[in-house]
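1. sequence-free structure coming up:
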């Protein structure tokens with residue numbers, strides 16, 4: 001199970017992400033500002049941070065850099081409804097693992113969560129038996 005920090009100032013987006021990620025077995029903390037994200041990042045250990053790049057009190061890309069200083073193993077996904085090549089390039093300079101363009105499909109998010117989640121306790125033999133060849 002992943003512990004996820006969602007940083008988005010849109011309450012609707014935050015709630016949809018919370019419900020979706022919880023249905024995938026994740027634990028979620030929603031915050032709406034850079035300041036709140038820095039506080040929560042210092043107080044808790046997260047596996048993944050979904051960060052909107054346009055926040056009311058700062059730039060989400062700068063926030064990723066600041067959070068990385070305190071949590072170097074944290075994985076980052078940048079999100080934006082205003083996707084420009086410049087924004088995406090700046091975000092990728094921060095070594096994000098993915099850039100989600102809003103609106104996005106929950107299947108994209110599911111793939112990320114599945115990729116980052118620790119392997120299940122099912123033995124390799126059992127999982128191989130159901131693998132398509």
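-> Right, received. Where do you want to start? Please read these numbers as outputs of a predicted model, since none were measured by experiment. Residues are numbered from 1 along each chain as shown.

2. so who does the most centrally placed residue in the chain touch?
-> Centroid check for the chain by C-alpha atoms, centre = their mean gives residue 50 as the closest residue, at 2.8 Å. Shown in contact with residue 50 (C-beta atoms under 8 Å, 6 or more residues apart in numbering): 4-8, 17, 77, 79, 100. (C-beta placed from N, C-alpha, C; glycine too.)

3. secondary structure class for it?
-> Of the three states, residue 50 takes strand according to DSSP: H, G, I helix; E, B strand; the rest coil.

4. List the buried residues for stretch 98-110?
-> Neighbour counts over stretch 98-110 (16 or more other C-beta atoms under 10 Å) mark 98-100, 109 as buried.

5. out of these, what pair is the most spread apart?
-> Farthest pair in the buried residues of stretch 98-110 (C-beta to C-beta) is 99 and 109. Separation: 12.6 Å.

6. Point out where this protein drops to low pLDDT.
-> 120-133 (pLDDT under 70).

7. Tell me where the longest helix sits in it.
-> When the chain is parsed with DSSP state H, its longest helix is helix 11-23.
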